[in-house]
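1. Coordinates only, no sequence provided:
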RNA sequence: GCUCCGUUGGAGAAGUGGCUUAACUCACUGCCCUCUCAAGGCAGCAUUCACGGGUUCGAAUCCCGUACGGAGUACCA
């Protein structure tokens, strides 16, 4: 077993786009594979045909690749030995295995209708039982009864027959020994009446056939594990090693829900806002994992090197958007200028005011904001704060420009600026120094009125940069 | 309800019986720099590890209870 090549997987259902939870789960599996020289497989669990949405599979895969989590095998890069990589393409295989369990007496046909099941559930509820367990009424159906049901048009599902008082235990990669009793688990459906396997059955078959050795998944799957273990046992297959990571919670301590609009969930949203894939990779890594030495900024290689599944947290991690912002901004600051220009270009291009400028000029302006922004799209707001003059001043702002010294400063500045041939950093700084000497006013009394005249706000980037962006003509107009 | 998992500061956490007067990072606060914002630099921020018992010379660390939080409890994945 030890010499078996490590194979891990990320197996989303194509019911939505790649979101934080999925990406993190993929990330840790990827790290595991790379840490131990194994392969990372991308496979699709599309058995819930009602909820599948077109395009989800592709975007899941491509967002993953964007993040740098690159599968060794995938729906687009299948290894013939393990294909197909979509569950709906291997229905016959599940069918065959399910029949095998039936013939061995480990599973049985269930002819109950949805309504009957519903009724059963309600009755159990009335009797104070809140966790529904199938009452096994179809367990020992005679052939005649089955025929009768079939004539009624009923199509059976297949349920796994759970043994009684059987301990299902496993060693969890992150939580240690965990055990369940089979009595607490009802006979669950493995093949739906529409001929499609349920998740718990399909994963087992897939993981076995694909020779998956380790499964790192969310805590929400912890209670699925004994069910799957029982299937492995019936088949006589060796189960992979499981590891259950904590869920990610929102600031209210609740599981991050896809409907939680307060938090951006999808990778595509982050991409659109100008988050750096390496930064998200890094941030995701921090979500429930701490490095031995407390390191927090990692390249992919460093993350692989640091990764140790035993150090995965056992208590839920809150999704901290401020920390993401911080991580992202450190990645932006770290970029060399060429990389930064390429990164920021699409956002700068959205600003009409700059449309006619040369690439070099746009780069120059972009650079003024490199230390200022936490994500790409932020530059749009910051630039607009300068370009679009705010006219509805608040009291504090009004007070500053209404001072006698203010109008004096503005007039003086205007006069000096007009004479300037070039409004570069040095020249503009000189003007300010001259005004300082001539008027003996404090820096604040000089800069603030001009700042407010030029932008309408009391904060922002360096004055000479503002003037540089606006240009001499526009600057004079605003004074 | 039942099953399973968890509980160290606002957040992520380090910590695996004495070196912990609890590391580090984000956030926050203050100071420096500075016209301002940001960046950067410096400093502050848990006398205490949910609570109650126990084991021990010694416990955040081991054991037992209680409380609280979470996940699951589907012919969803």
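-> Perfect, I can see it now. In this text, all values refer to a predicted model and were calculated from it rather than measured experimentally.
2. in chain A, what residue is nearest RNA strand B?
-> Residue of chain A nearest RNA strand B, by Cβ to the nearest atom of the strand: residue A:131 (2.4 Å). Bear in mind the C-beta positions are built from the backbone N, C-alpha and C, glycine included.
3. What parts of the stretch 51-200 of chain A come near RNA strand B?
-> A:51, A:110, A:112-114, A:117, A:121, A:128-134, A:157, A:175-176, A:178-181, A:184, A:188-189, A:192-194, A:196, A:198-200 (Cβ under 7 Å from any atom of the strand).
4. now do the stretch 351-479 of chain A
-> A:371-372, A:443-444, A:446-448, A:451, A:458-463.
5. if you set the cut-off to 10 Å instead, what comes out?
-> Residues of the stretch 351-479 of chain A lying close to RNA strand B by Cβ under 10 Å from any atom of the strand are A:368-374, A:378, A:382, A:385, A:400, A:428-429, A:432-433, A:436, A:442-452, A:455, A:457-467.
6. List the residues that contact the closest residue to residue A:351 other than its chain neighbours.
-> Closest residue in space to residue A:351, ignoring its immediate chain neighbours: residue A:383 at 5.5 Å, by Cβ to Cβ, 6 or more residues apart in numbering. Residues near residue A:383 by Cβ atoms under 8 Å, 6 or more residues apart in numbering: A:348, A:351, A:353, A:354, A:365, A:369, A:469.
7. again, but for residue A:302
-> Residue A:302 is in contact with residue A:295, counting by Cβ under 8 Å, 6+ apart.
8. What are the buried residues along the helix or strand where it lies?
-> Per DSSP states H and E, residue A:302 falls inside helix A:300-306. Using 16 or more other Cβ atoms under 10 Å as the test for burial, helix A:300-306 gives A:300, A:303, A:304, A:306.
9. Next secondary structure after it?
-> Remark: after helix A:300-306, the chain's next helix or strand is strand A:317-318, criterion DSSP H and E.
10. Give me the helices and strands touching that next one, please.
-> Where contact means 3 or more Cβ pairs under 8 Å, 6 or more residues apart in numbering; DSSP states H and E, strand A:317-318 is packed against strand A:248-249.
11. Low-confidence ranges, the stretch 201-350 of chain A, go.
-> Within the stretch 201-350 of chain A, no range satisfies pLDDT under 70.
12. In a helix, the residue nearest to residue A:351, correct?
-> Yes - assessed with DSSP: H, G, I helix; E, B strand; the rest coil, residue A:383 lies in a helix.
13. tell me the contacts of the residue of chain A closest to RNA strand B?
-> Contact analysis of residue A:131 by Cβ under 8 Å, 6+ apart lists residue A:184.
14. Kindly report the same for residue A:133.
-> So residue A:133 contacts A:124, A:185, A:186, A:187 (Cβ under 8 Å, 6+ apart).
15. what about 7 Å?
-> residue A:186 (Cβ atoms under 7 Å, 6 or more residues apart in numbering).
16. On the three-state scheme, it is what?
-> coil.
17. do you know how far it is from residue A:159?
-> Distance, residue A:133 to residue A:159, by Cβ to Cβ, to the nearest Å: 11 Å.
18. Filter the residues of the stretch 351-479 of chain A next to RNA strand B down to the buried ones, ChimeraX style.
-> A single ChimeraX command is used to select the members of those judged buried by 16+ other Cβ under 10 Å:
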select /A:368,369,370,373,374,378,385,400,428,432,436,445,446,447,448,449,450,451,452,455,460,461,463,464,465,466,467
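19. So which of the residues of the stretch 351-479 of chain A next to RNA strand B are in helices?
-> A:378, A:382, A:385, A:400, A:428-429, A:432-433, A:436, A:443-452, A:455, A:463-467 (DSSP state H).
20. coming back round to it: pull out the buried residues from the contacts of residue A:383.
-> A:348, A:351, A:354, A:365, A:369, A:469.
21. what about whatever helix or strand residue A:229 lives in and RNA strand B, touching?
-> For residue A:229, the host element (DSSP H and E) is helix A:225-235. Yes - residues of helix A:225-235 contacting RNA strand B under Cβ under 10 Å from any atom of the strand: A:225, A:226, A:227, A:228.
22. With respect to residue A:395, which of the residues you listed is nearest?
-> residue A:225 (63.0 Å; Cβ to Cβ).
23. wait, doesn't the closest one sit right on residue A:241?
-> No - counting by Cβ atoms under 7 Å, residue A:225 does not reach residue A:241; the two are 11.0 Å apart.
24. Which one's more surrounded, the two?
-> residue A:225 (21 against 18; other Cβ atoms under 10 Å).
25. So which residues of the stretch 51-200 of chain A form helices?
-> All helices of the stretch 51-200 of chain A, identified by DSSP state H, counting those that start in this stretch, fall at A:56-67, A:91-103, A:114-126, A:143-151, A:199-209.
26. Dump these into a markdown table; add distance to residue A:344 and mean neighbour count as well.
-> As requested, the helices of the stretch 51-200 of chain A are arranged in a markdown table below (distance: least, Cβ to Cβ, whole Å; neighbours: other Cβ atoms under 10 Å):
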| stretch | distance to residue A:344 | mean neighbour count |
| --- | --- | --- |
| helix A:56-67 | 18 | 20 |
| helix A:91-103 | 48 | 16 |
| helix A:114-126 | 55 | 12 |
| helix A:143-151 | 66 | 12 |
| helix A:199-209 | 42 | 21 |
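27. weakest of the ones you listed by average pLDDT?
-> For the helices of the stretch 51-200 of chain A, mean pLDDT drops lowest on helix A:114-126, to a mean of 89.
28. Please list the outside residues in contact with that one.
-> With contact meaning Cβ under 7 Å, 6+ apart, helix A:114-126 is reached by A:132, A:135.
29. can you give me the offset of it from its chain's centre?
-> In terms of Cα atoms, centre = their mean, to the nearest Å, the centre of helix A:114-126 is found 38 Å from the chain centre.
30. before we move on, what about stretch A:225-239?
-> Offset of stretch A:225-239 from its chain centre (Cα atoms, centre = their mean): 31 Å.
31. Ok, stretch A:152-163 next?
-> 38 Å.
32. likewise stretch A:295-314?
-> 17 Å.
33. so how far is the first residue of it from its last?
-> One end of stretch A:295-314 to the other measures 19 Å (Cα to Cα, to the nearest Å).
34. again with stretch A:287-297
-> OK, stretch A:287-297 end separation, Cα to Cα: 13 Å.
35. Centre of the chain to that stretch, how far?
-> The answer for stretch A:287-297 is 18 Å, by Cα atoms, centre = their mean.
36. residues in contact with that stretch?
-> Contacts with stretch A:287-297, where a contact means Cβ under 7 Å, 6+ apart, come from A:24, A:245, A:246, A:248, A:282, A:286, A:306, A:311, A:312, A:313, A:317, A:330.
37. can you tell me if it touches RNA strand B.
-> Yes - legend: contact between stretch A:287-297 and RNA strand B by Cβ under 10 Å from any atom of the strand is shown at A:287, A:288, A:289, A:290, A:291, A:292, A:293, A:294, A:295, A:296, A:297.
38. before we move on, the earlier item: among the buried ones among the contacts of residue A:383, name the ones in helices.
-> Counting by DSSP H, these contribute A:348, A:365, A:469 to helices.
39. List the residues that contact the second one.
-> By Cβ under 7 Å, 6+ apart, residue A:365 lies in contact with A:354, A:469.
40. Quick check on the closest residue to residue A:465 other than its chain neighbours: phi, psi?
-> The shortest distance from residue A:465 to any non-neighbouring residue, by Cβ to Cβ, 6+ apart, is to residue A:368 (4.6 Å). Dihedral angles phi and psi of residue A:368 (degrees, to the nearest 10) take the values phi -60, psi -20.
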